[in-house]
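K.L.:
kindly return the folded structure for what I paste below:
(one chain, ligands or ions: 1)
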Amino acid sequence: MAAAATTEENHVVNSGSESTNGTAPRKIALITGITGQDGSYLTEFLLQKGYEVHGLIRRSSNFNTQRINHIYIDPHNHSKALMKLHYADLTDASSLRRWIDEIHPDEVYNLAAQSHVAVSFEIPDFTADVVATGALRLLEAVRSHIATTGRSHIKYYQAGSSEMFGATPPPQAENTPFHPRSPYAVSKVAAHWYTVNYREAYGIYACNGILFNHESPRRGENFVTRKITRAVGRIKVGLQSKLFLGNLQASRDWGFAGDYVEAMWLMLQQEKPDDYVVATEESHSVEEFLKVSFGYVGLKWEDHVVIDKRYFRPAEVDNLKGDSSKARKVLGWKPKVGFEQLVKMMVDEDVELAKREKVLVDAVENTSFHPRSPYAVSKVAAHWYTVNYREAYGIYACNGILFNHESPCRGENFVTRKITRAVGRIKVGLQSKLFLGNLQASRDWGFAGDYVEAMWLMLQQVKPDDYVVATEESHSVEEFLKVSFGYVGLKWEDHVVIDKRYFRPAEVDNLKGDSSKARKVLGWKPKVGFEQLVKMMVDEDVDLA
Ligand SMILES: Nc1nc2c(ncn2[C@@H]2O[C@H](COP(=O)(O)OP(=O)(O)O[C@H]3O[C@H](CO)[C@@H](O)[C@H](O)[C@@H]3O)[C@@H](O)[C@H]2O)c(=O)[nH]1
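P.N.:
Just a heads-up that it's a prediction; the model follows:
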């Protein structure tokens, strides 16, 4: 697997334009939104053209560099690492100015956005701050950089959107009036005019690319095309049966994102800055997309699609179809991938992805049982009764295969609580010895409070199923002793006495769950880690003691 792209210790080399062959200096591009679909294709495109590419990325608690991990090379490898990442944010003007001053880009591509139209109705202020004011902040950073350095050759690309045309009927060209229909689209109109204004007011080389919808296998999964092709793949391999969608009559001019990034670059290679519509000039409804994608793998979309009002928008854009004759004429650009080819490319990738998911799910489900106590044998029986009633009577019945889950409410004769109760009592002088059995047994210990959420989630799914719930970490009883005694400044070896009575006739040596199915399907994950759990229990038991 590719190493996760990171900006740690990623110091920018500002001499920048070192040439490859000692002749032309390397051009430097700066991209906001580099981790998105367009950012990843544009980076590949520019690297191929010999650019050094700098990307601004947002700090996020989740990894957000999946689309560019395959291009990432450790910055310590100076000659090969031509893509560099830096933390910044369109809502933080100082970070934008700082990186422009440090990187000295020749071209700046503003692709970052809160780009989901429906979501913009739910977070309108944030959308305006990032999409509209964010573009203004970046333009202002470019303007003041030029004013202080005199680097007036710097070029700026603004990612505009066909959503700006909104309610205006097709075909839509550069001179078609805007009638935006969402906070997202209104913000894009503002960004468009800021760009024109900075071009006219300060003579900055600034272009608006008015791109119609552009899709790919890298499209986010909550945009309608990818939502559909992901579902087609999962339905095909039996991982899903229903797909919930909103308005199927909306029509869009859908092209391939890989084609569209070339148009962005071409705009910045012209003599004069200008604005361009980029589109395939064909429009298809969501229903047509469904027909082609389901039909391609031999399925009927009508058997799977359920209309859900939640996905309808407060104000819809009914029909978008671009007139890109100016881009075709002036830039010499045209799309290479047609509608059917695009749909098939996305379905092919998503069927493969679903097959890989299936292997994972099967591996988890197929771990065979080998119970080692009457209790465990009885649990196996209960498991199969549940499966049997589900299969025989169609009852919505689920098995939660929960790994050990502990808390301050745990019974005092389970090993974790037995230990933390003893730690508390030893600490305050009420006890001196703790008698235990096998210290080498390892368990996957989570927090019970987290696990009950998984139980509930299982019953909220479309179909009943069985799920492993686990932290995916295993620790021995001895490790539990170390952490719990150590936490209050005690040495466990001074207190623990091994007592043969606590050994079991047949031991389960090691349990460590693979809960990837629950994480993927239920969206569940544990919140409390091992050390945090131990400390929580010890804290309570010291107080109790
Ligand atoms: N997302 C989504 N859309 C649905 C669904 N069901 C129907 N649709 C309809 O499918 C159409 C396309 O929706 P999206 O794929 O979310 O894209 P978009 O709203 O057209 O916006 C995209 O294209 C713009 C360019 O015109 C971009 O500017 C924007 O950022 C985004 O990429 C809309 O009319 C929407 O109502 C659904 O379940 N989810």
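
K.L.:
from here on, just use CA atoms for contacts and neighbour counts.
P.N.:
OK.

K.L.:
and stretch 304-316, how far out from the chain's middle?
P.N.:
23 Å (Cα atoms, centre = their mean, to the nearest Å).

K.L.:
would that stretch count as contacting the ligand?
P.N.:
Yes - contact of stretch 304-316 with the ligand (Cα under 6 Å from any ligand atom) involves 311-313.

K.L.:
so which bits of the stretch 301-450 of the chain are right by the ligand?
P.N.:
Going by Cα under 6 Å from any ligand atom, the residues of the stretch 301-450 of the chain near the ligand are 311-313, 317.

K.L.:
with the chain instead?
P.N.:
115-117, 161-163, 212-213, 222-225, 245-248, 250, 286, 311-313, 317.

K.L.:
from those, list the buried ones, please.
P.N.:
115, 117, 161-163, 212-213, 224-225, 245-247, 250, 286, 313, 317 (16 or more other Cα atoms under 10 Å).

K.L.:
what helix or strand is Arg98 on?
P.N.:
helix 93-103 (DSSP states H and E).

K.L.:
if you count neighbours, what's buried in that helix?
P.N.:
93, 95-97, 99-101, 103.

K.L.:
stretch 134-149 too?
P.N.:
Within stretch 134-149, judged by 16+ other Cα under 10 Å, the buried ones are 134-143, 145-146.

K.L.:
Serialize the buried residues of helix 93-103 to a markdown table and add fields for pLDDT and distance to Ala441.
P.N.:
Below are the buried residues of helix 93-103 laid out as a markdown table (pLDDT from 0 to 100; distance: Cα to Cα, whole Å):
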| residue | pLDDT | distance to Ala441 |
| --- | --- | --- |
| Ala93 | 98 | 54 |
| Ser95 | 97 | 51 |
| Leu96 | 98 | 53 |
| Arg97 | 98 | 56 |
| Trp99 | 98 | 52 |
| Ile100 | 98 | 56 |
| Asp101 | 98 | 57 |
| Ile103 | 98 | 54 |
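
K.L.:
show me which pair in those is furthest apart.
P.N.:
Ala93 and Ile103 (15.6 Å; Cα to Cα).

K.L.:
check contacts around the residue of the stretch 251-400 of the chain found nearest the ligand.
P.N.:
Of all residues in the stretch 251-400 of the chain, Tyr311 sits closest to the ligand, at 5.1 Å by Cα to the nearest ligand atom. Counting by Cα atoms under 8 Å, 6 or more residues apart in numbering, Tyr311 makes contact with 245-247.

K.L.:
residues contacting the most centrally placed residue in the chain?
P.N.:
The chain has Asn64 as the residue nearest its centroid, 5.6 Å off, counting by Cα atoms, centre = their mean. Counting by Cα under 8 Å, 6+ apart, Asn64 touches Thr35.

K.L.:
over to the one 10 residues further on?
P.N.:
Residues counted as contacts of Asp74 (Cα under 8 Å, 6+ apart) are Ala81.

K.L.:
quick one, strands of the stretch 51-200 of the chain?
P.N.:
52-57, 83-87, 107-110, 155-161 (DSSP state E, counting those that start in this stretch).

K.L.:
before we move on, back to that, need the residues of the stretch 301-450 of the chain next to the ligand in JSON lines (columns: distance to Arg181).
P.N.:
Shown next, in JSON lines, are those (distance: Cα to Cα, whole Å):
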{"residue": "Tyr311", "distance to Arg181": "16"}
{"residue": "Phe312", "distance to Arg181": "13"}
{"residue": "Arg313", "distance to Arg181": "10"}
{"residue": "Val317", "distance to Arg181": "7"}
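
K.L.:
possible to save the strands of the stretch 51-200 of the chain as JSON lines with mean pLDDT?
P.N.:
JSON lines is the format used below for those (pLDDT from 0 to 100):
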{"stretch": "strand 52-57", "mean pLDDT": "97"}
{"stretch": "strand 83-87", "mean pLDDT": "95"}
{"stretch": "strand 107-110", "mean pLDDT": "98"}
{"stretch": "strand 155-161", "mean pLDDT": "98"}
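
K.L.:
can I get the ones you listed in TSV including distance to Gly489?
P.N.:
Listed next are those as TSV, based on distance: least, Cα to Cα, whole Å:
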stretch	distance to Gly489
strand 52-57	42
strand 83-87	40
strand 107-110	54
strand 155-161	58
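
K.L.:
so how far is the ligand from Val196?
P.N.:
18 Å (Cα to the nearest ligand atom, to the nearest Å).

K.L.:
next one: Lys236
P.N.:
19 Å.

K.L.:
what of His76?
P.N.:
With Cα to the nearest ligand atom as the criterion, His76 and the ligand are 35 Å apart.

K.L.:
burial measure for that residue, as a count.
P.N.:
11 (other Cα atoms under 10 Å).

K.L.:
which pLDDT value belongs to it?
P.N.:
pLDDT for His76: 79.

K.L.:
picking up where we left off before, would you list the buried residues of stretch 134-149 in TSV and tack on distance to Val469 and pLDDT?
P.N.:
Output for the buried residues of stretch 134-149, formatted as TSV (distance: Cα to Cα, whole Å; pLDDT from 0 to 100):
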residue	distance to Val469	pLDDT
Gly134	42	98
Ala135	44	98
Leu136	47	98
Arg137	46	98
Leu138	45	98
Leu139	49	98
Glu140	50	98
Ala141	49	98
Val142	50	98
Arg143	54	98
His145	53	98
Ile146	56	98
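
K.L.:
of the residues you listed, closest to Trp254?
P.N.:
Among those, and counting by Cα to Cα, the member closest to Trp254 is Ala135, at 24.8 Å.

K.L.:
local confidence estimate at the nearest residue in space to that closest one that is not next to it in sequence?
P.N.:
Leaving aside its chain neighbours, Ala135 sits nearest to Ala191 (5.7 Å; criterion: Cα to Cα, 6 or more residues apart in numbering). Listed pLDDT for Ala191 reads 98.
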